[in-house]
Each structure stands twice: as C-alpha cells, then as structure tokens.
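> Prediction below, plus the sequence it came from.
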Amino acid sequence: MKVISPQAYTALREALPLIAWYKPDFETYLRAAFRSHPALLVGLNFQAATKRELASQVMTRLMSDAPGYQDVTVELMLDIASMERFPYVEKIKDQADREKWLEKAEIAVAELRRHTNGFKQIRQQHEKRDAARAEHAKLIVRIKQFSDDIAQVRAEFMNLHAMTNPQELEVKSRCVV
C-alpha cells in the first residue's frame, strides 16, 4: 500500500472540521468513520474541544501508528474526498454563513482529493482483485460439484456394469430414471 504523505494528513486535518458545522454532527460522523477503531476516539472531549482541536488530536493518533491505521485513514480520506455535498454544513440557517462555509468545505475537500487519487486507484485495483478472487472461488465450487456429480454417475455406472442378473439391471435402471 502507498504511504500517506504528510501533506495528505494535513489536507485531511483541514477538511475534517469543515464537513460538519455543528459539533454533534461532527462527533456522529467521526464515530461512524471509526466504528471499527473506537479506541481512536477514547478520551476526546467533544463538548470542550473545538472541531479543529479534535481533528488535530485524531490526526495525531492516526499518525502515531500510521501502518496500523493506514486502512482506516485511507478510507476516511476517500470518503471525505468523494463528498460532493455537505448536508451538515447545509444546515446553517444564515445564508451568507452557509455559503461561506460551503465554499471553505469545497476547497478543503478539493485539496484532500488531490492527495487521494493514488489511493483511489489502489482501492479500485484491490476491489477488482477481490471480485476476481470471489468469482474464481465460485468457479472452483462449481467445478468441484460437477466433478462430484461425474464421480457419482461413474460409480452408479460401474455398479450397473458389474451386475450379472438382467432383471436386477432392469429394476435398477427404473430407479435411476
């Protein structure tokens, strides 16, 4: 996997607090994003700290074990980079503020997007590879089933061929059909 550059971490830190206006929405987003790594959020004070401070603390934790958190970091980066709308920012009641913060969010996400192109391509390659592996596994199962069916038909044929009594053969062939 490609190494996450310091500029990409910076772009993520800048974009993260801008995708949600209200802190409860920001917290909800982070909890959903890190549901597979809830330890990353332990001890964060969502009531007292600003979104920018929280984003910095999360980035520090992600960078402290970059190899261990690389997958979750890349997923977070790709998720934010793929945002075309910002429903949490669209909640701002004042139209001038809403437009100002939507523009800031768009600029920050566009900057993050610049750093995620390589990861997006790698993820697409992995998805293609995983799909090919799944298709291959299905094919193996079908081939095994076909092979088992052939072996069963062969065994029945050998049993019928070994019979010496024609009446027994007639009764067996009625049962097979």
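Received, thanks.
> And the average pLDDT for stretch 138-153 is what?
Averaging pLDDT along stretch 138-153 gives 88.
> Same question for stretch 34-47.
Here the average pLDDT along stretch 34-47 is 93.
> now the end-to-end length of it.
When the termini of stretch 34-47 are compared using CA to CA, to the nearest Å, they are 18 Å apart.
> buried stuff in it?
For stretch 34-47, a neighbour-count test (16 or more other CB atoms under 10 Å) marks 34, 40, 41, 44 as buried. Bear in mind the C-beta positions are built from the backbone N, C-alpha and C, glycine included.
> Now do the buried residues in stretch 11-28.
11-21, 25-27.
> Which two of the buried residues of stretch 34-47 have the greatest separation?
Maximum pairwise distance among those (CB to CB): 10.3 Å, between 34 and 44.
> Flag the shaky bits of the chain, pLDDT-wise.
1, 118-128, 166-177 (pLDDT under 70).
> What are the boundaries of the helices in it?
Using DSSP state H, the helices of the chain run over 6-15, 23-33, 51-64, 66-81, 95-162, 166-176.
> From the contact counts, what lies against the shortest one?
Meaning helix 6-15. helix 51-64, helix 66-81, helix 95-162 (3 or more CB pairs under 8 Å, 6 or more residues apart in numbering; DSSP states H and E).
> Show me which of the buried residues of stretch 11-28 is closest to residue 104.
Using CB to CB, residue 18 is the member of the buried residues of stretch 11-28 that sits closest to residue 104, with 5.4 Å.
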